[in-house]
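>>> fold the following and give me the result.
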Amino acid sequence: MPEIRLAPDLAHAYPHAALAVVTATGLRGDTTWPATATALTALEEAVADGSWAPADETDPRIACWHEAYRAFNVNPRRLRPSVDALGRRLVRKGTLPRINGPVDTYNLVSVRHGLPIGAFDLDSVVGDITIRFAEGTESFTPLGEADTTEHPRPGEVIYTDHLDVLTRCWNHRDAHRTRVTDRTRRAWFILESLTPDSASPLRDATEDLVARLTPHTDQVHARYLGSQQSSATG
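Predicted coordinates:
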């Protein structure tokens, strides 16, 4: 099982950064996930009738990511944090995407709790994962664009393994290589927060995700990272 760590200079620059790493083994993404489907429909209906709305950039949970993006010279209204982009899509189109059970589930939890969530197929990860500032020489192949190669900007926050970049702009977009598919059996789900009072909201979202994953996995558990605990293994 790989290790995931926050680079020391990143932890120093963002002292409120906190992550939950949910490890799911024996994942059954090739089966139906009826509870997720029902919850997504209910969420979409609540948005349609005006009884609920996702967090937007005026919400501290989203505003903190806009501030972070600007700090590494990325316009967050052009390259949006993942949770911001999902919420805007839900409002604009009235639906969230349907990919597969695991992806639909973490998208649901992300929008419900206003926190960015991504995932990696652990059998496609090469070595350990580090969250760090980019040098600008690294390579990245965007999700859904297997023939495209990009290079992050120097100073941009990235996830990287021993091979190349797994996520650009902290949580804007994941890599094609480590995407979670219906064949994924081992995955890491990463939940992120930058707000000073992140502990309780992060745990609430993590517990929600764990509960939704549990019926579809052999084993699932969570670990937490932050400035005081900067690394974890599965």
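>>> quick one: the helices in this protein?
Secondary structure of the chain, counting by DSSP state H: helices at 8-13, 34-48, 60-71, 82-93, 101-113, 199-213.
>>> just name the most buried of those helices.
helix 101-113 (a mean of 23; mean count of other CB atoms under 10 Å). The way it works is simple: take the backbone N, C-alpha and C, and place the C-beta from them, glycine included.
>>> how much space between Leu10 and Thr217?
From Leu10 across to Thr217, the span is 30 Å (CB to CB, to the nearest Å).
>>> what of Thr181?
Counting by CB to CB, the gap from Thr181 to Thr217 is 15 Å.
>>> still on that earlier bit, tabulate the helices of the chain (a markdown table), appending distance to Ser231 and mean pLDDT.
A markdown table is the format used below for the helices of the chain (distance: least, CB to CB, whole Å; pLDDT from 0 to 100):
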| stretch | distance to Ser231 | mean pLDDT |
| --- | --- | --- |
| helix 8-13 | 10 | 96 |
| helix 34-48 | 31 | 98 |
| helix 60-71 | 21 | 97 |
| helix 82-93 | 23 | 98 |
| helix 101-113 | 22 | 98 |
| helix 199-213 | 17 | 96 |
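>>> could you dump the ones you listed to JSON lines with distance to Glu138?
Output for the helices of the chain, formatted as JSON lines (distance: least, CB to CB, whole Å):
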{"stretch": "helix 8-13", "distance to Glu138": "15"}
{"stretch": "helix 34-48", "distance to Glu138": "34"}
{"stretch": "helix 60-71", "distance to Glu138": "18"}
{"stretch": "helix 82-93", "distance to Glu138": "19"}
{"stretch": "helix 101-113", "distance to Glu138": "25"}
{"stretch": "helix 199-213", "distance to Glu138": "28"}
